[in-house]
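In: only geometry, no sequence info:
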């Protein structure tokens, strides 16, 4: 449960308003899902067996917004276990709700808006297993739509994270653009967002969340992202990283502004130590890896923001997971390279930008203005839970 | 032996011209040494026992320029085995030559120009073991001095590397500045060079050669940089990296210009594979690591060059070692991100910029103009060998 629950302006939708029930963002590592369930359909939840519920909730980041008549859910599954996702949809019969709203040809009634590469890769699987057509929505479109919506509609969505302090920032709608959206999934996309509709993917890097988990699995015995992240909490990167002071005999390299404690070379220490992988603590390795990747993303993001004259850099994607050290490292990187000129900002719904964008795209197909309804909400009667 | 031996305008110095005999660049991983030995002192070489010679030549990149009266040598040692370096200097009695040229106080006669962090860290060790004082020269100063000198004085120094083809570029002296110098050692420094004397370290990254060797040692059984580099030759990064096509079901993501074969996530494949580190071939891991680091450096370098309006990016440092895949990856990265506008260039003496800069700094202390002598050379009678 988030500390800010009391302050949170919650989002609610009545089933009777006729909202779409399901959208998907199928990435290289995770499937992100946004779905609505009415109270009357809550009984369906009982059809979801407990082992499946376990699979859903083994990782952080699931969100449920409850309202009088139902709730909006943000959930994720591992892409490598897509059968769990399909079983979940089937158990809740979420695939059938599309019928009632979508003006599709009779033979193509069951439509689910989907984005991410998996909307292409798994189209046949969804047709075969659930009898639904994945209506593909462009990934960058969805990320931007989701991000713009959250930044405009949600109170307490964007925040800075400096020295362990989370500070929410309410951005004036008129002053939102331009900004750099950095979505850190398996890989990283950097998008210059100039208006509600104008944006461009200007950069990216292959060193992202997939690198953290992939390299992390090879270097430690961790099996999951959250396990690796948890491990990193207890770690000390200085056991693995080569610091400036270690090269300079304890001195700073003041002339170029590098403190003795700055990292000269990530993972540089094993070079001069006669040790095997097993001789290092897994938590130190995890910490060093997280630091290297977070710092690198922060630096590349800043360099792009600098080039395009964007002072606001907003980081999303499921790599972050509200993890203090990740946000702190990214914030410090942006602050260091920009000499304090630029600030990193994060989003409460960081992982669901694409899925939310796909959810919002239903309106183009004749749905009522979903965004408007989400905005209206039922703040008085609403509740929010996080797994 | 380099293929271009015949074309090479070689560098030569007569001992009688009174040149300094030794300079050092002591980095986090390697000690780079430039020294002159006259023919009369070649007999001293016999004092270097064969086991020490083995230590010198276990890795690539040593260069020896022979002339009628002696030769200029570019050699390196591992910083973690600094005693080998000290033993080598002592065997050749290189520490004594400074006396004859340096107008120092009597009690501080034996001076060696040294740069890199180790000039601070190991000052006491050199005093104790060799009775010499390390005269510290700023690292960035040395890198720039060495690079400028090579680019101006040496024929066939700078080259591009595209599709496996090395092409030497003779840069007009008047058109040399400004350029971005990217020195890839344990860490990476990026320096905007504007004139012979005006430069600024504008950026850098901790993901450098130390990361390649450090992570590489943890991930494979390799003990040395060259072993790891050699291993990477036979590897296939696609076994470890997650490609765009693997997320997109074999499709390109054409809208944003990403081919299906582009890397979406470095080291991303182990995420969805139920394998241990031992199940992957060490050569594939080495290849993927080299690709990730080289590409990342190329991208960050380009972003800096873009910001500062520098079309020429020159890569040096001992990370490269003339390795085809490294240079190819850096070249492709610069070309990709700049949309063909910028080109990566490399240097034949890539690893010795700092040591050469320190060598050239002797002239400030009253030495004859060493640079001038190096330029004059003895091309007719000279020879060049590479280990």
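Out: Yep, that arrived. Since the structure is predicted, the reported quantities are computational estimates derived from the model, not experimental observations.
In: count of residues packed around residue A:222?
Out: When counting by other CB atoms under 10 Å in any protein chain shown, one arrives at 20 neighbours for residue A:222. Using the backbone N, CA and C atoms, a C-beta is placed for each residue, glycine as well.
In: Now it. Nearest residue, chain neighbours left out?
Out: Ranked by CB to CB, 6 or more residues apart in numbering or on different chains and with sequence neighbours excluded, the top spatial neighbour of residue A:222 is residue A:228, at 4.2 Å.
In: In whichever helix or strand that neighbour is part of, which residues are buried?
Out: Using DSSP states H and E, residue A:228 maps to helix A:225-233. Of the residues in helix A:225-233, A:225, A:226, A:227, A:228, A:229, A:231, A:232 count as buried by neighbour count, 16 or more other CB atoms under 10 Å in any protein chain shown.
In: What is the nearest of those residues to chain B?
Out: Minimum distance to chain B across the buried residues of helix A:225-233 is 8.5 Å, recorded for residue A:225 (CB to the nearest CB).
In: quick one: contacts for the nearest residue to the closest one once chain neighbours are set aside?
Out: Excluding its sequence neighbours, the residue lying closest to residue A:225 (CB to CB, 6+ apart) is residue A:213, at 5.0 Å. With contacts defined as CB atoms under 8 Å, 6 or more residues apart in numbering or on different chains, the neighbours of residue A:213 are A:29, A:224, A:225, A:228, B:268, B:270, B:271.
In: ok, the residues you listed vs residue B:110, which is closest?
Out: Of all the contacts of residue A:213, residue A:228 has the smallest distance to residue B:110: 52.3 Å, by CB to CB.
In: right, and the closest one touches residue A:219 too?
Out: No. In this structure, residue A:228 is not within contact of residue A:219 by CB atoms under 8 Å, at 9.3 Å.
In: shared neighbours, the two?
Out: Taking CB under 8 Å, 6+ apart as the criterion, residue A:228 and residue A:219 both touch residue A:286.
In: Count the neighbours of residue A:156 for me.
Out: By the measure other CB under 10 Å, the count of residues near residue A:156 is 15.
In: Let me see the backbone angles for it.
Out: Main-chain torsions, residue A:156, degrees, to the nearest 10: phi 50, psi 50.
In: Excluding chain neighbours, give the residue nearest to it in space.
Out: By the measure of CB to CB, 6+ apart, the closest residue to residue A:156 outside its immediate chain neighbours is residue A:168, 4.7 Å from it.
In: List the beta-bridge partners for the one you found.
Out: Beta-bridge partners for residue A:168, by DSSP bridges, are residue A:159.
In: pretty sure it is touching residue A:161, no?
Out: No. Here residue A:168 does not reach residue A:161: they are 10.6 Å apart, not a contact under CB under 8 Å.
In: Which one's more surrounded, those two?
Out: Higher neighbour count among residue A:168 and residue A:161: residue A:161, with 23 against 14, using other CB under 10 Å.
In: what helix or strand does the more buried one sit in?
Out: Using DSSP H and E, residue A:161 falls within strand A:158-162.
In: Just the mean pLDDT for that strand, thanks.
Out: For strand A:158-162, the mean per-residue pLDDT is 95.
In: what distance separates it from the middle of the whole chain?
Out: In terms of CA atoms, centre = their mean, to the nearest Å, the centre of strand A:158-162 is set 15 Å apart from its chain centre.
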